[in-house]
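Q: Need coordinates for the below:
(2 chains)
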There are 2 protein chains.
Amino acid sequence: MAAAVEDYVLATYLLHGNVNYHKKAHDIAIGLTVGTWTELTKEQQQKMMQHKGKVFDIHEIDSEPRKAFITIGYPITNMTPDLPSILTTVFGKLSMDGQIKLMDLELPDSFIAQFPGPRFGIKGVRNLLGVNERPLLMSIFKQCIGLSLVELDEEYQKQIAGGVDLVKDDEIFFTRDPNDVVQRIKQMEKRNRELQEQSGKKVLYAVNLTGPVTELTERAKRYVGEGASCLLLNVFPYGLDILHRLAQDPDINVPIMAHPSFSGALYPSAEFGVAAPLLLGKIMRWAGADMTLYPSPYGSVTMPKEDSLKIASHLRSANKYHVRAFPVPSAGVYPGLVPLLYRDFGNEVIVNAGGGIHGHPQGATAGAKAFIHAIEAVTTGRSLEEYALQSPELYTAIQKWGVKAT
Amino acid sequence: MAAAVEDYVLATYLLHGNVNYHKKAHDIAIGLTVGTWTELTKEQQQKMMQHKGKVFDIHEIDSEPRKAFITIGYPITNMTPDLPSILTTVFGKLSMDGQIKLMDLELPDSFIAQFPGPRFGIKGVRNLLGVNERPLLMSIFKQCIGLSLVELDEEYQKQIAGGVDLVKDDEIFFTRDPNDVVQRIKQMEKRNRELQEQSGKKVLYAVNLTGPVTELTERAKRYVGEGASCLLLNVFPYGLDILHRLAQDPDINVPIMAHPSFSGALYPSAEFGVAAPLLLGKIMRWAGADMTLYPSPYGSVTMPKEDSLKIASHLRSANKYHVRAFPVPSAGVYPGLVPLLYRDFGNEVIVNAGGGIHGHPQGATAGAKAFIHAIEAVTTGRSLEEYALQSPELYTAIQKWGVKAT
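A: You can find the predicted model right below:
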């Protein structure tokens, strides 16, 4: 009774070091599933076959020092369809076993189908905003810590007056009392309604969801009940499974924005950890992030361009179970970078700026306008310099930051 | 109004690379707290002072390539007393900002006091077992996946017949239906009661707590209600905060054993991630692990000895808020290693063996006995060779694995 590939979670690892990769692959496949094999009787082997791991591929790279990619299949019957179970199985003990990095995971359809995926995704977020034809624009509060609600409200109004589609809390903004969060939501969402009444423009406000992990679901429901239009979650510090549970809860019917905070503790090493495209692309989408922030290839917080594009590809590729999600390549983004961002990521992207909006010489409203005009320029095939002739905000932004050549 | 050190969480980082460490430290202290400083008015500065980060130390190492340790203080008023808040603040965005590793955290007393710490710790676990004078012995199921309850029961009986103090599930054992877990608990705890009635010997069975993170608290309460004597948790895959919440729940009144699965994705790199002594020592104890498994310096899954000892030191050092917790240095442990383990870790340790018990030529019961005799030898100042004259089990174990020189 041969097992089919649909019965396995496939994990691909990068190994370094002077080891026998065939023996290592075999040891992993047995050690992390049935424990032993050759010592079992024929009868026991027959019974255990469905639980036994399998080496799918060994690909040694001709390099110095030596390295190899190996792919191991773990029977899905050994796991439950959730990230803690999968990660414990494929990279629990193994993560501590020398120079080994988890590069990729492939789940069979039957397993993928049990993950929620994004509820809204690109299409759903666009529908909420009524914006279909261009990249979205998001603004981050320049500062949240220490500001009163009145001050936050002022900052909020400046940002939305410039035409942004989304505004997010700073991810380091921890509010002790959920009642204060509710007050903030009510105030910002009131501003959103006012703006919509005045101009028809819709905005989503991503409020930082914090607190004991055991209370996040209730808090999220309460915030949504009080009118929150979007939630921000620091996925890694809270744990991957809570994103899964929030995303699958029918009462939490607003988009979820995933922040990559702490993920840099996991992905940058060549020898250890988990590859960024898996961590911030595939896994975020399985677990249900509608929008995922991650380091752009342009800013001070950088990531190799190849990885940054691969994350976007994992978030946006067609698949039959999960809708497509928005990549939000962040850090170091100013209006003059929009042509490059558009060339690299296309239309289905969220342009996310903090300093590039707040640092505009005429303030955040002008900063947001400069971005909107830059986006209008690239989506209508014009150069920023040409468009700046009719946009004093963009003109000033170009004077300050320049235009990055595409 | 100068801020005192008690007002800060101190984070120490190791930085690599050709950067200006003074500027970098300053940028971190400002950027991850108040955002900007010199642009603020005097009045704004006064208001923001309590939220402003502070550079506490910069210590450049004379090395090639260049590196430095820097210590930044983050005002506790910016955070809530939980690990997601602290980690997001001190290593959220920063984790993605080049070659930087989080080496240590120091929490002020006011913050530490708000973490649960271990409920039982060394003393509590010893009280439950009635064993005070020697290192404890734990056995791991050789295999759990694919076994029926009857088979698991047989394996369990073999292990406890040899005199082990604790038995733990394999951490990769994921049981879909909590009712099956309850059946397992009932069976193993029945064996524990039988053994105690026969011989007075008490045993703790650490059952693997799995499932959606949002259901772990309820499941844990149910398992405890059904008689579970100990819980095993894969802390990193589920998230650090759930350990905190389980440990502080008064209804979950059994010891919690923390498994380090997936932590190897975080600690081994010299340039990135989080140092093992912080991650598996300090943080596990704050969050409430009574016993923490981590790689011993002896086995195939190794860790530098210095780190392994430092973890033990963090778990066991006296502090006024949290009781001392058990280190469980694991992997590659066989009876002949007990003298070395005892020399390195002393009495307050759990000797944990899988292959070293199950691989005994006369089976798991003899394997456990060999360990108990090895422990009796070292705690009474005798050599294993001498003690083996009266212990055929230890004799056989020495024949198979030898004795590691101390």
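
Q: and the residue of the stretch 101-250 of chain A nearest chain B?
A: The minimum distance from the stretch 101-250 of chain A to chain B, using C-beta to the nearest C-beta, falls at A:Gly239 (2.1 Å). C-betas here are computed from N, CA, C, even on glycine.

Q: so what's A:Ala312 up against?
A: Residues counted as contacts of A:Ala312 (C-beta atoms under 8 Å, 6 or more residues apart in numbering or on different chains) are A:Gly281, A:Pro327, A:Pro329, A:Phe345, A:Val349.

Q: Swap in 6 Å and give it another go.
A: A:Ala312 makes contacts with A:Pro327, A:Phe345, as judged by C-beta atoms under 6 Å, 6 or more residues apart in numbering or on different chains.

Q: that's a helix at it, yeah?
A: Yes - looking at A:Ala312 with DSSP: H, G, I helix; E, B strand; the rest coil, it is inside a helix.

Q: Distance check, it against chain B.
A: The gap separating A:Ala312 from chain B is 17 Å, by C-beta to the nearest C-beta, to the nearest Å.

Q: Just the element for the residue nearest the centre of chain A, please.
A: The centroid of chain A falls nearest to A:Thr292 when counting by C-alpha atoms, centre = their mean (2.6 Å). Per DSSP states H and E: A:Thr292 is located in strand A:291-295.

Q: what pairs with that strand, and is each one parallel or antiparallel?
A: Using DSSP bridges, strand A:291-295 pairs in its sheet with strand A:256-259 (parallel), strand A:326-330 (parallel).

Q: then the first one to CSV, C-alphas only?
A: Taking only C-alpha atoms (Å, rounded to 0.1, in the frame of the first residue of the first chain), the coordinates of strand A:256-259 have been written out as CSV:
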residue,chain,number,x,y,z
ILE,A,256,-6.6,41.4,9.7
MET,A,257,-3.2,43.0,9.1
ALA,A,258,-0.2,40.9,10.2
HIS,A,259,2.9,42.7,11.5
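
Q: I'd like the strands paired with strand A:291-295 as a markdown table, with mean pLDDT and mean neighbour count appended.
A: Listed next are the strands paired with strand A:291-295 as a markdown table, based on pLDDT from 0 to 100; neighbours: other C-beta atoms under 10 Å in any protein chain shown:
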| stretch | mean pLDDT | mean neighbour count |
| --- | --- | --- |
| strand A:256-259 | 98 | 29 |
| strand A:326-330 | 97 | 28 |
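
Q: of all those strands, which lies closest to B:Gly73?
A: strand A:256-259 (23.5 Å; C-beta to C-beta).

Q: right, and the helix or strand after the closest one?
A: Following strand A:256-259 in sequence, per DSSP H and E, is strand A:273-274.

Q: Average pLDDT for the strand holding A:Thr292, rounded please.
A: Average pLDDT, strand A:291-295: 97.

Q: List the contacts of it.
A: Strand A:291-295 has contacts (C-beta under 6 Å, 6+ apart) with A:257-260, A:280, A:284, A:301-303, A:311, A:326, A:328, A:330-331, B:96.

Q: hang on, the earlier thing: using JSON lines, please lay out the strands paired with strand A:291-295 together with distance to B:Ile61.
A: JSON lines is the format used below for these (distance: least, C-beta to C-beta, whole Å):
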{"stretch": "strand A:256-259", "distance to B:Ile61": "32"}
{"stretch": "strand A:326-330", "distance to B:Ile61": "32"}
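
Q: so what's the residue nearest to A:Met284 when sequence neighbours are not counted bridging to?
A: Leaving out its chain neighbours, the residue that sits closest to A:Met284 by C-beta to C-beta, 6 or more residues apart in numbering or on different chains is A:Thr292, at 4.5 Å. Beta-bridge partners of A:Thr292, counted by DSSP bridges, are A:Ala258, A:Pro327.

Q: So A:Thr292 versus A:Ile311, what's the distance?
A: Distance, A:Thr292 to A:Ile311, using C-beta to C-beta, to the nearest Å: 7 Å.

Q: before we move on, what about A:Ala287?
A: 14 Å.

Q: How about A:Val182?
A: 33 Å.

Q: quick one, which of these two is more surrounded?
A: Taking neighbours as other C-beta atoms under 10 Å in any protein chain shown, A:Val182 and A:Ile311 compare with A:Ile311 leading, 28 against 19.

Q: Need the nearest residue in space to that one, chain neighbours excluded.
A: A:Ile311's closest residue in space is A:Gly281 (C-beta to C-beta, 6+ apart), at 4.0 Å.

Q: The one you found and A:His314 touch, don't they?
A: Yes - with contact defined as C-beta atoms under 6 Å, A:Gly281 reaches A:His314; the gap is 2.9 Å.

Q: Between these two, point out the one with more neighbours.
A: A:Gly281 (26 against 23).

Q: ok, now which ones touch that one?
A: A:Gly281 makes contact with A:Ile311, A:His314, A:Leu315, according to C-beta under 6 Å, 6+ apart.

Q: No further questions, thank you.
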